[in-house]
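*Asks:* Mind folding the following:
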Amino acid sequence: MDIFEEMERRGHEQVIFNYDRASGLKAIIAIHDTTLGPALGGCRMLPYASEEAALTDVLRLSEGMTYKAAAAGLDFGGGKTVIIGDPASDKSEALFRALGRFLETLHGRYRTGEDVGTSEEDFVHSWKETRYLVGLPTAYGGSGDTGDNTALGVMEAIHAALMHRFGSPLLKGRRVAIQGLGKVGYHVARRAVEEGAEVVAADINPHVVGRVSSQLGIEPTDPWAVLETECDVFAPCALGNVINQETVGRLHCQIIAGSANNQLENDSLATELMDRGILYAPDFITNAGGLIQVANEIQGYNPDRVRHQIEAIYDVLLAIFQEADQTGQSTTAVALAHVQSRLNTMHAIHRIHA
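*Replies:* Down below sits the predicted model:
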């Protein structure tokens with residue numbers, strides 16, 4: 001990969017490689033666009049197959065965070081961190097303290113917190129070395145776990161899509177297929193069941209599926225068979241790229257709305273979904289609830305304001321769906337145009353200096 005060529009193509013400002021011999025930390029921080037404000041985005045830890053795979057992931061994820069913040073009306077840019085390592089065996093106090101020291105050198109240009117493979121407790125170690133964290137446990141001044149607020153945003157997206165497609169936002173009697181029962185997928189399943197939906201769900205961990213199935217009364221299924229489930233709503237709540245050239249033809253849903261980042265392998269698939277009559281709620285709008293929560297920590301946390309901002313996802317998506325119908329564009333194309341318009345406007349406004 002030509003790193004500078006890829007940065008130019010995606011619009012990145014900065015990519016920082018961080019290595020600490022003592023702790024074994026290997027981390028990449030990508031800052032995509034700070035037009036709206038300091039970069040904000042979580043820290044993912046995975047045993048990547050290669051350094052190039054880690055770099056590709058952090059570039060794509062940080063770009064998505066810019067879109068997410070812009071679409072949610074937040075005054076933050078997009079950034080992301082990936083740690084190369086197995087979260088089951090490679091975590092240590094030293095590793096996260098080393099990461100904290102590297103974050104401190106950026107002087108607030110970027111803030112991070114938990115993501116796939118990391119937890120809020122991991123960053124209690126980083127907190128000893130840096131101020132630039134979000135999503136810490138409430139005992140350490142943070143707002144705690146973001147799972148339920150992210151799920152709330154997903155539910156608002158589902159309601160908007162149901163309203164646009166069927167003329168009613170109600171989930172009662174609708175069939176929802178959920179891929180992934182982690183901290184977000186579980187809450188999506190719980191909320192959907194509470195609203196009267198018939199829920200089919202899958203996870204790579206069979207013990208999780210068994211526990212949630214017993215607790216919520218949902219129908220368990222295979223992690224890949226869930227893609228082919230006939231349903232009103234398919235909610236991808238695991239890792240990205242789940243909708244690709246191989247899987248797009250296997251979908252039997254009316255709506256896609258879930259919490260996973262980068263659900264589409266590439267943006268051309270948004271057009272293919274549209275051509276197949278599947279209404280797609282762009283992921284960077286649908287899954288913004290957690291980002292809205294942690295952004296509010298920086299501004300002074302207010303749960304009522306957080307809920308109000310998350311509930312606005314409903315109206316944002318309704319407008320995007322309607323414009324997509326009117327223009328014949330995909331919902332992704334319309335959403336990205338809105339994001340770019342806001343970035344252009346704020347870039348012009350920021351030229352004004354007191």
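
*Asks:* okay, CA-based contacts and neighbour counts for the rest of this
*Replies:* Noted.

*Asks:* just so I have it, where are all the helices in the stretch 1-150 of the chain?
*Replies:* All helices of the stretch 1-150 of the chain, identified by DSSP state H, counting those that start in this stretch, fall at 3-10, 51-71, 93-104, 122-127, 147-166.

*Asks:* Could you export the first one as CSV, CA atoms only?
*Replies:* Once non-C-alpha atoms are left out, helix 3-10 reads as follows in CSV (Å, rounded to 0.1, in the frame of the first residue of the first chain):
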residue,chain,number,x,y,z
ILE,A,3,0.3,5.2,2.4
PHE,A,4,0.4,8.8,1.2
GLU,A,5,-1.6,7.9,-2.0
GLU,A,6,-4.2,6.2,0.2
MET,A,7,-4.3,9.2,2.6
GLU,A,8,-4.9,11.5,-0.4
ARG,A,9,-7.6,9.4,-1.8
ARG,A,10,-9.5,9.2,1.5
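
*Asks:* Packing partners of that helix?
*Replies:* Helices and strands touching helix 3-10, by 3 or more C-alpha pairs under 8 Å, 6 or more residues apart in numbering; DSSP states H and E, are helix 51-71.

*Asks:* mean confidence score for the helix it packs on?
*Replies:* Here helix 51-71 scores 96 as its mean pLDDT.

*Asks:* which strands and helices sit next to that helix?
*Replies:* With contacts defined as 3+ C-alpha pairs under 8 Å, 6+ apart, the packing partners of helix 51-71 are helix 3-10, strand 25-33, strand 77-84, helix 283-286, helix 331-349.

*Asks:* could you redo the last one with a cut-off of 6 Å?
*Replies:* Helix 51-71 makes packing contacts with strand 77-84 when contacts are defined by 3 or more C-alpha pairs under 6 Å, 6 or more residues apart in numbering; DSSP states H and E.

*Asks:* what lines up beside the strand it packs on in the sheet?
*Replies:* Sheet pairing for strand 77-84, assigned by DSSP bridges, gives strand 25-33 (antiparallel), strand 39-40 (parallel), strand 43-46 (parallel).

*Asks:* I'd like these laid out as JSON lines, including mean neighbour count, mean pLDDT and distance to Ile218.
*Replies:* Listed next are the strands paired with strand 77-84 as JSON lines, based on neighbours: other C-alpha atoms under 10 Å; pLDDT from 0 to 100; distance: least, C-alpha to C-alpha, whole Å:
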{"stretch": "strand 25-33", "mean neighbour count": "25", "mean pLDDT": "98", "distance to Ile218": "38"}
{"stretch": "strand 39-40", "mean neighbour count": "28", "mean pLDDT": "97", "distance to Ile218": "35"}
{"stretch": "strand 43-46", "mean neighbour count": "22", "mean pLDDT": "97", "distance to Ile218": "29"}
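
*Asks:* Including distance to Ser214, could those go into a markdown table?
*Replies:* Formatted as a markdown table, these follow (distance: least, C-alpha to C-alpha, whole Å):
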| stretch | distance to Ser214 |
| --- | --- |
| strand 25-33 | 39 |
| strand 39-40 | 37 |
| strand 43-46 | 29 |
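
*Asks:* sorry, back to before: between the helices of the stretch 1-150 of the chain, which one is nearest to Thr332?
*Replies:* For Thr332, the closest of the helices of the stretch 1-150 of the chain is helix 51-71, at 11.0 Å, according to C-alpha to C-alpha.

*Asks:* And the helices of the stretch 1-150 of the chain: which comes nearest Ser214?
*Replies:* Relative to Ser214, the nearest member of the helices of the stretch 1-150 of the chain by C-alpha to C-alpha is helix 147-166, separated by 20.0 Å.

*Asks:* for the record, mean pLDDT for whichever helix or strand comes after that closest one?
*Replies:* Remark: after helix 147-166, the chain's next helix or strand is strand 175-179, criterion DSSP states H and E. On average, the pLDDT along strand 175-179 is 98.

*Asks:* Strand 175-179 packs against which elements?
*Replies:* Using 3+ C-alpha pairs under 6 Å, 6+ apart, strand 175-179 sits against strand 198-202, strand 231-236.

*Asks:* coming back round to it: could you take the helices of the stretch 1-150 of the chain and lay them out as TSV, with extra columns for distance to Ala235 and mean neighbour count?
*Replies:* Formatted as TSV, these follow (distance: least, C-alpha to C-alpha, whole Å; neighbours: other C-alpha atoms under 10 Å):
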stretch	distance to Ala235	mean neighbour count
helix 3-10	27	12
helix 51-71	18	22
helix 93-104	32	21
helix 122-127	28	21
helix 147-166	8	23
